[in-house]
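S.K.: I would like the atomic coordinates for the input below:
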Amino acid sequence: MKLVNPKYIPREWMLVQAYRSATDAGDFTLVRQLHDLLADPYSEQSPELAALYYTKKRDEYFELGGTSYCSCSS
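M.R.: Sure, this is the predicted structure:
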């Protein structure tokens, strides 16, 4: 399973956090961090990156709009 399923999957809350930081503050640190992380999503990463991105969505991101806020009616 670990060979065919990536450990890190881009989630909307990760991307929103990164692009808001880039557009609002001109800080591209999170964009670069996500780029490096998702360039090799099958590998183990540092404990710091795992703590940030190998986790469930934090409570503060549940109220963000977008696709993670929608539900399927079918």
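
S.K.: And what about the residue nearest to L34 when sequence neighbours are not counted, helix, strand or coil?
M.R.: Closest residue to L34 apart from its sequence neighbours, by C-beta to C-beta, 6 or more residues apart in numbering: A18 at 5.2 Å. Placement of C-beta: from N, CA and C, glycine included. Of the three states, A18 takes helix under DSSP: H, G, I helix; E, B strand; the rest coil.

S.K.: Can we start the residue count at 17 from this point?
M.R.: All set: I'll call the first residue 17, so the last point we hit is now A34.

S.K.: neighbours of E28, just the number please.
M.R.: By other C-beta atoms under 10 Å, the residues close to E28 number 15.

S.K.: re earlier: pretty sure the residue nearest to L50 sits against V47.
M.R.: Yes: counting by C-beta atoms under 8 Å, V47 is a contact partner of A34 at 4.8 Å.

S.K.: and the two? which has more neighbours close in?
M.R.: Ranked by neighbour count (other C-beta under 10 Å), A34 and V47 place A34 first, with 20 against 16.

S.K.: which ones are touching that one?
M.R.: By C-beta atoms under 8 Å, 6 or more residues apart in numbering, the contact set of A34 is L46, V47, Q49, L50.
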